[in-house]
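Undergrad: sequence below, structure please.
(2 chains)
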There are 2 protein chains.
Amino acid sequence: MTITAAPALTAVLKPEELLESLRARCAVKKYDPAGRIPAATWDALEQALVLAPSSYGLQPWRFFVVDDPALRTRLKDASWGQGQVVDADKLVVFAVRKELGAADVDRYLASIAQARKVPLASLTDFRGMLLKAVSRPPADVAAWAARQAYIALGVFLTAAAALGVDATPMEGIEPAKYDALLGLPEKGYTALFIAAAGRRAPDDAYGEQPKVRFAREDVVVHL
Amino acid sequence: MTITAAPALTAVLKPEELLESLRARCAVKKYDPAGRIPAATWDALEQALVLAPSSYGLQPWRFFVVDDPALRTRLKDASWGQGQVVDADKLVVFAVRKELGAADVDRYLASIAQARKVPLASLTDFRGMLLKAVSRPPADVAAWAARQAYIALGVFLTAAAALGVDATPMEGIEPAKYDALLGLPEKGYTALFIAAAGRRAPDDAYGEQPKVRFAREDVVVHL
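TA: This is a model prediction of the structure:
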């Protein structure tokens, strides 16, 4: 996909709007099953996932949006029974490549050559760098790919809040059951965690509780 | 820190503004050394880091903002000579706790009790859950803590773009050298990666190149 970057950034938010948004969001525990995300809003959130940055730009991920209610019910059983899996309007399964190799590198290089209209031969040095990165021990590469998916999660949660959409990051799933239910290994992917999105129920237990964060001076330290 | 959450989310951005912002951002390679981030904007970005979500809310991180130019120069040598380390207005080192244990859990529980005005005794079950989470093999806990820091990175990059601030995520550092230069082990932390923030130089090589992303249908799959 070719996306032409603007030559410079323009602010689309005021600092106080950003903070209002980040303070108001929370990991919603109970969703309103009737709460629907407007189509244009959800479309932007999917695009935000596509646009999320990753190391070298390699995008080792795939985002599975589970629309099928029967599948959602089975996934709930693989999520310690957490209701958000079925009650939220949308459910995204964040997955990464089971293994990264030369094929992933070449797929990426082909997309660069296409988007930037440059010959593949001009990317030889970059190819060498990427091949080195994916030829580390498999466990290291898997951990690295997984970390990239958490960048996408941070983008998604921030974007959702700014668009007025409740969202919940959920690590409490059984990834192997997710993989089996969604047929991910056959697709070359493995599930890491999920995010629910929709509208919090009026009686969500946490929505009106004060947010808990360590004091700023304990978290941000100037040197 | 007590931050009262709003009872529901209000959109502060339109979908097209979000996308404009995410399309315009890029991992800037060359910063304008004279480019300054307005104080109120940087203040909001630091607060965005404080407000970033993490598993269980445990915030296993600390964000070191390196203001000292001499220290920046030494860090550049520990970053394969990448110029962003010294040229960007701000440099944030994302670090996590070297080891997580009961003291971290109790520090967090104390902050919950204070923010929500509940007795510590009411958090006994949650304490047990957290202690179990941090008592897994040390390598697993370290990997889990590291992944949380990438959520904060995703929040930071999205927030920076929305506020019109250029930013660059950088994994290409030598963490052990960062630890030594910043005295992180003595503080109980270890460096993972950095982010530079400021204003891109007019001749930044990548700013005007088309963004490269896989096709949406290859990245977001509905089931």
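Undergrad: is chain B contacted by the longest helix along chain A?
TA: Assignment by DSSP state H gives helix A:138-162 as the longest helix of chain A. Yes: under the criterion of C-beta under 8 Å from any C-beta of the partner chain, chain B is reached by helix A:138-162 at A:143, A:146-148, A:150-159, A:161-162. C-beta: built from backbone N, CA, C; applies to glycine.
Undergrad: which of these lies closest to chain B?
TA: Closest approach to chain B among the residues of helix A:138-162 next to chain B (C-beta to the nearest C-beta): A:Gly154, at 2.0 Å.
Undergrad: quick one, helices of chain A?
TA: Using DSSP H, helices in chain A cover A:15-24, A:39-51, A:69-77, A:84-87, A:102-116, A:124-134, A:138-162, A:175-182, A:184-187, A:216-219.
Undergrad: output these in CSV, with mean neighbour count appended to each entry.
TA: Below are these laid out as CSV (neighbours: other C-beta atoms under 10 Å in any protein chain shown):
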stretch, mean neighbour count
helix A:15-24, 21
helix A:39-51, 20
helix A:69-77, 14
helix A:84-87, 22
helix A:102-116, 16
helix A:124-134, 14
helix A:138-162, 23
helix A:175-182, 18
helix A:184-187, 14
helix A:216-219, 15
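Undergrad: which one of the ones you listed lies nearest to B:Leu45?
TA: helix A:15-24 (8.2 Å; C-beta to C-beta).
Undergrad: next one, pLDDT for the nearest residue to A:His222 once chain neighbours are set aside please.
TA: Among residues not flanking A:His222 along the chain, B:Val65 sits closest, at 4.9 Å (C-beta to C-beta, 6 or more residues apart in numbering or on different chains). pLDDT, B:Val65: 98.
Undergrad: state the number of residues packed around B:Val65.
TA: Neighbour count for B:Val65, taken as other C-beta atoms under 10 Å in any protein chain shown: 17.
Undergrad: isn't it up against B:Ala88?
TA: No: using C-beta atoms under 8 Å, B:Val65 is not in contact with B:Ala88, being 11.4 Å away.
Undergrad: returning to what we had before: out of the residues of helix A:138-162 next to chain B, flag the one nearest to A:Lys98.
TA: Scanning those for proximity to A:Lys98, where the rule is C-beta to C-beta, the winner is A:Ala146, at 11.3 Å.
Undergrad: got the contact list for that closest one?
TA: Shown in contact with A:Ala146 (C-beta atoms under 8 Å, 6 or more residues apart in numbering or on different chains): A:96, A:192, B:147.
Undergrad: go on, A:Val219?
TA: Applying C-beta under 8 Å, 6+ apart, the residues near A:Val219 are A:213, B:49-50, B:59, B:61-63.
Undergrad: in strands, which of the residues you listed fall?
TA: B:61-63 (DSSP state E).
Undergrad: hey, what's the residue nearest to A:His222 bridged with?
TA: Going by DSSP bridges, B:Val65 is paired in beta bridges with A:His222, B:Val92.
Undergrad: returning to that earlier point: which among the helices of chain A is found nearest to B:Arg116?
TA: Taking these one by one with C-beta to C-beta, helix A:15-24 is closest: 15.1 Å.
Undergrad: the longest strand seen in chain A pairs with which strands, parallel or anti?
TA: When chain A is parsed with DSSP E, its longest strand is strand A:189-198. Each strand paired with strand A:189-198, and its direction, by DSSP bridges: strand A:90-97 (antiparallel), strand A:166-170 (antiparallel).
Undergrad: average pLDDT across that strand?
TA: Here the average pLDDT along strand A:189-198 is 98.
Undergrad: now do stretch A:139-158
TA: 96.
Undergrad: do stretch A:10-24 as well
TA: For stretch A:10-24, the per-residue pLDDT averages 96.
Undergrad: near chain B at all, it?
TA: Yes: counting by C-beta under 8 Å from any C-beta, chain B is contacted by stretch A:10-24 at A:10-13, A:15-24.
Undergrad: what residues are up against A:Glu171?
TA: A:193, B:55 are the contacts of A:Glu171 under C-beta under 8 Å, 6+ apart.
Undergrad: and it, how close does it get to A:Ala24?
TA: 22 Å (C-beta to C-beta, to the nearest Å).
Undergrad: cool, A:Tyr189 as well?
TA: In terms of C-beta to C-beta, A:Tyr189 sits 33 Å off from A:Ala24.
Undergrad: ok so, going back, identify, from the residues of stretch A:10-24 next to chain B, the entry nearest to B:Ala205.
TA: A:Thr10 (20.8 Å).
Undergrad: neighbours of the closest residue to that closest one other than its chain neighbours, just the number please.
TA: Once flanking residues are discounted, A:Thr10 sits nearest to B:Gly164: 5.6 Å by C-beta to C-beta, 6+ apart. Residues within reach of B:Gly164, counting by other C-beta under 10 Å, total 19.
Undergrad: now do the contacts for B:Gly164.
TA: Taking C-beta under 8 Å, 6+ apart as the criterion, B:Gly164 is in contact with A:9-12, B:41.
Undergrad: phi and psi next, for it.
TA: phi 80, psi 20 (degrees, to the nearest 10).
Undergrad: save the ones in strands among the contacts of A:Val219 as JSON lines, and put in distance to B:Met129 too.
TA: Listed next are these as JSON lines, based on distance: C-beta to C-beta, whole Å:
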{"residue": "B:Trp61", "distance to B:Met129": "20"}
{"residue": "B:Arg62", "distance to B:Met129": "23"}
{"residue": "B:Phe63", "distance to B:Met129": "26"}
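Undergrad: narrow those residues to those that are buried.
TA: Listed as buried from the ones in strands among the contacts of A:Val219 are B:61-63; burial here means 16 or more other C-beta atoms under 10 Å in any protein chain shown.
Undergrad: Serialize the helices of chain A to a markdown table and add fields for distance to B:Glu217.
TA: Below are the helices of chain A laid out as a markdown table (distance: least, C-beta to C-beta, whole Å):
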| stretch | distance to B:Glu217 |
| --- | --- |
| helix A:15-24 | 29 |
| helix A:39-51 | 10 |
| helix A:69-77 | 20 |
| helix A:84-87 | 24 |
| helix A:102-116 | 13 |
| helix A:124-134 | 23 |
| helix A:138-162 | 17 |
| helix A:175-182 | 17 |
| helix A:184-187 | 14 |
| helix A:216-219 | 39 |
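Undergrad: of all the ones you listed, which one is nearest B:Val221?
TA: Using C-beta to C-beta, the nearest of the helices of chain A to B:Val221 is helix A:184-187, at 8.1 Å.
Undergrad: send the alpha carbons of that closest one over as PDB?
TA: This file holds the C-alpha atoms of helix A:184-187, laid out as PDB (Å, rounded to 0.1, in the frame of the first residue of the first chain):
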ATOM      1  CA  LEU A 184      -3.600 -19.400  13.000                       C
ATOM      2  CA  PRO A 185      -0.700 -21.900  12.700                       C
ATOM      3  CA  GLU A 186      -1.900 -22.900   9.300                       C
ATOM      4  CA  LYS A 187      -1.800 -19.200   8.400                       C
END
